[in-house]
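**Q** Structure for this input, please:
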Amino acid sequence: MMQTGHHAGTTPLQVAAIQQHCTADKRQNLATSDRLVRKAAAGGAELVVLQELHATLYFCQTEDTAIFDLAEPIPGPTSERLSSLASELGIVLVGSIFERRMNGVYHNTSVVFERDGSIAGLYRKMHIPDDPGFYEKFYFTPGDAIFNDGRSGFSPIDTSVGRLGVLVCWDQWYPEAARLMALAGAEVLIYPTAIGWDVTDDPDERTRQLDAWITVQRGHAVANNLPVIAPNRVGTEPDPDSRGDGVLFWGNSFICGPQAEFLARADDATETILTATLDRTRSESVRRIWPYLRDRRIDAYSDLLKRVRD
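**A** Coordinates of the predicted model:
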């Protein structure tokens, strides 16, 4: 794995987030990802982020053991394809793979590829939901809390464009995850996502859910003085068992700065490439006037390690 310096300089960083439709055809989905990544790189993006599980439909609407056949090892066919793409284009690329780690152990894994195609690092989703239409605990083992080399599961990945705090979807609701990435020196928070509405949700409920999703991630940007990149999928994907009505993925991918200022934002239906320029000096300047990390009372937070407080 490539190990590079923690600080990647102060020059502006061109980034892109891919908002994509997905189908039942894995080859077609990967071809779409390939096309959109190429277009983003042609537009100057140095860091490109794909959405969660972009190679397949969101298969967690149902519990079906046959779906484990979609999982791949890393390295494997999808990681090798993404590796070649990153190397050809000379970009840092964040992809998503349903990882087969060993017999019976599968992960929802983000893979970060360096400009030369090498794997800079993996992040295995730590928080695993289990809700109607989102039965992820059936498929995914949570990421390791501690790696074999002693690093925390919430460890940023060093790349030539900076230290990336990569998390995945359900992780985005947890301030602890964002904070731990920030404390380990992450320079940007990245949330590949697959989230949407039950197609029967009424308009007011849709508005509440979408606003909550955007607000909580912008809150992580503010609380940690870090930019956020959050790509989500779009399109309606039916329930394979026909027990539910399916999920309408709400898009609204966005990129924001360290004070939660929107730098780019997508709509709820269009396959698109969001691009933005990150000012890599802003986090430092914001932290000088909003010094949350300085003023943390680490001597008073021990109860955060408890499930509940008595």
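**Q** C-alpha only now, for contacts and for neighbours.
**A** OK.
**Q** All the helices of this structure, in order from the start?
**A** Applying DSSP state H to the chain gives helices spanning 26-42, 77-89, 175-183, 203-224, 282-289.
**Q** and the fourth one, what does it pack onto?
**A** If I follow you right, that is helix 203-224. When contacts are defined as 3 or more C-alpha pairs under 8 Å, 6 or more residues apart in numbering; DSSP states H and E, helix 203-224 sits against helix 175-183, strand 228-230.
**Q** Tell me which of those is the most buried.
**A** Burial of the helices and strands packed on helix 203-224 is given as mean neighbour count (mean count of other C-alpha atoms under 10 Å); strand 228-230 ranks first at a mean of 29.
**Q** and that one, which strands flank it?
**A** Partners of strand 228-230 in the sheet, by DSSP bridges, are strand 188-190 (parallel), strand 254-256 (antiparallel).
**Q** residue contacts, R101?
**A** Residues in contact with R101 (C-alpha atoms under 8 Å, 6 or more residues apart in numbering) are 73-74, 107.
**Q** Then N252?
**A** For N252, the contact set (C-alpha under 8 Å, 6+ apart) comprises 231-232, 265-268.
**Q** change it to 7 Å
**A** N252 makes contacts with 232, 265-268, as judged by C-alpha atoms under 7 Å, 6 or more residues apart in numbering.
**Q** thinking again about what came up before, and the helices of the chain: which comes nearest D310?
**A** helix 175-183 (20.5 Å; C-alpha to C-alpha).
**Q** which other residues reach the closest one?
**A** Outside helix 175-183, the residues touching it (C-alpha under 7 Å, 6+ apart) are 154-156, 165, 171, 220, 224.
**Q** now the angle from that helix to helix 203-224?
**A** 30 degrees (axes from the mean of the first three to the mean of the last three C-alpha atoms, to 10 degrees).
**Q** Please put the alpha-carbon coordinates of helix 175-183 into CSV.
**A** This file holds the C-alpha atoms of helix 175-183, laid out as CSV (Å, rounded to 0.1, in the frame of the first residue of the first chain):
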residue,chain,number,x,y,z
PRO,A,175,-20.8,12.2,15.4
GLU,A,176,-18.3,9.9,17.1
ALA,A,177,-17.2,8.5,13.8
ALA,A,178,-16.6,11.9,12.3
ARG,A,179,-14.8,13.2,15.4
LEU,A,180,-12.5,10.2,15.5
MET,A,181,-11.5,10.7,11.9
ALA,A,182,-10.9,14.4,12.6
LEU,A,183,-8.8,13.7,15.7
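**Q** Show me what the mean pLDDT comes to for it.
**A** Regarding helix 175-183, the rounded mean pLDDT is 97.
**Q** Also stretch 23-30?
**A** Rounded mean pLDDT across stretch 23-30 is 96.
**Q** How far does that stretch sit from its chain's centre?
**A** Relative to its chain's centre, stretch 23-30 lies at 20 Å (C-alpha atoms, centre = their mean, to the nearest Å).
**Q** Would you indicate which residues of it are buried?
**A** 23, 26, 29-30 (16 or more other C-alpha atoms under 10 Å).
**Q** So M126 versus W173, what's the distance?
**A** From M126 across to W173, the span is 12 Å (C-alpha to C-alpha, to the nearest Å).
**Q** and those two? which has more neighbours close in?
**A** M126 (23 against 18; other C-alpha atoms under 10 Å).
**Q** pLDDT value on that one, please?
**A** 97.
**Q** quick one: contacts for it?
**A** Contacts of M126 (C-alpha under 7 Å, 6+ apart): 142-143, 171.
**Q** what do you get if the cut-off is 8 Å, keeping everything else the same?
**A** M126 neighbours (C-alpha under 8 Å, 6+ apart): 142-145, 153, 168, 171.
**Q** closest to G185 among those?
**A** G153 (14.1 Å).
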